[in-house]
Each structure stands twice: as structure tokens, then as C-alpha cells.
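Q: Sequence and predicted model, in that order:
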Amino acid sequence: MAVRGSYLSCRSKLVAQSRVLRRALTPAEKRLWFDFLRHLTAKFTRQKPLGHYIADFYCASHRLVVEVDGDSHFTTAAGKRDRIRDAALGQLGLNVLRFTNEDVMRRFEAVCLEIAAQLEKPKT
């Protein structure tokens, strides 16, 4: 995967898959998107292909990935895959914030404050 300027390339087959995922957001992803992220000054995109992965939400100007994890992420194997994925995205200079579906649904304001705090940090 190549990095050209601020553009991050991706595997072409992920583009079609990301389009499908944009139409099938989970309830937690819908809430975060429609009630918070899409209204921010910092532009976020949904289901953004980045390298070999698709990020739930991505803000290019802050190089920030926001992931909303469902039950399938709470196995030992999935946890290992998530750590590998986060490390790979980190190698691209991206910061990854992870929240559970339950976090978004039950602690919505706290999740929004954490994202907002990350956006307030100086860009590097």
C-alpha cells in the first residue's frame, strides 16, 4: 500500500465492500454518525477503505479512525486481529479510537467527548 501525500491507497476490492457497509450501519454506528460525527467541522467519512482494512469512520484531517465494535470483536482471535489492524493503521500514522456498541448506546456523551478531545489535539 502506498502513501502519497495525505492520500492513503487501498485494495480496490474494498471500495465496493465499503459501499455495501455504508448502507448497513449498525444501530450504534447510525447513532454516532447521524447524531454526532456528520455535524462536526472536521469531516468524517463512513466505512472508509484504508490499506487492507475498512474503517468505520475516518477523519483525514486529523488522521483519526473511530471503530465501533460489536459482539464479534470480543473473542480471543478477534482481539488479536484488532490489535494487528490497529498496529498496521498506526504504521500509517493513524490514531485509532475503539468503542463498543454498548459504549455508544449507553455512554453516548462520553464517547462524543472522547472523540472531540482527540480532535482538539494538535495535528502532527
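A: Arrived safely. Numbers count the residues shown, from 1 in each chain.
Q: Pairing partners for the residue nearest the centre of the chain in the sheet, please.
A: Nearest to the geometric centre of the chain sits V66, at 3.0 Å (C-alpha atoms, centre = their mean). Counting by DSSP bridges, V66 is bridged to F57, L97.
Q: Now do the same contact list for it.
A: Neighbouring residues of V66 by C-beta atoms under 8 Å, 6 or more residues apart in numbering: L32, L37, F44, A55, D56, F57, Y58, C59, V96, L97, F99, I115. Where you see a C-beta, it was placed from the backbone N, CA and C, and this is true even at glycine.
Q: so how many other residues sit close to the fifth one?
A: For D56, the neighbour count with other C-beta atoms under 10 Å is 23.
Q: got it, and the first one?
A: Applying other C-beta under 10 Å, we find 28 residues neighbouring L32.
Q: Is the closest residue to it other than its chain neighbours within a helix or a strand, and which one?
A: Leaving aside its sequence neighbours, L32 sits nearest to V104 (C-beta to C-beta, 6 or more residues apart in numbering; 5.3 Å). Take DSSP states H and E as the rule and V104 turns out to sit in helix 101-106.
Q: Give me the distance between that helix and the centre of its chain.
A: Centroid separation between helix 101-106 and its chain, computed with C-alpha atoms, centre = their mean, to the nearest Å, is 15 Å.
Q: quick one on the thing from earlier: please tell me which one of the contacts of V66 counts the most neighbours.
A: With neighbours taken as other C-beta under 10 Å, the top of the contacts of V66 is L32, carrying 28 neighbours.
Q: Quick check: next helix or strand after the helix or strand containing it?
A: Assigned by DSSP H and E, L32 falls within helix 27-35. Going down the chain from helix 27-35, the next helix or strand is strand 45-50, by DSSP H and E.
Q: elements contacting that next one?
A: Here strand 45-50 touches helix 13-22, strand 53-59, going by 3 or more C-beta pairs under 8 Å, 6 or more residues apart in numbering; DSSP states H and E.
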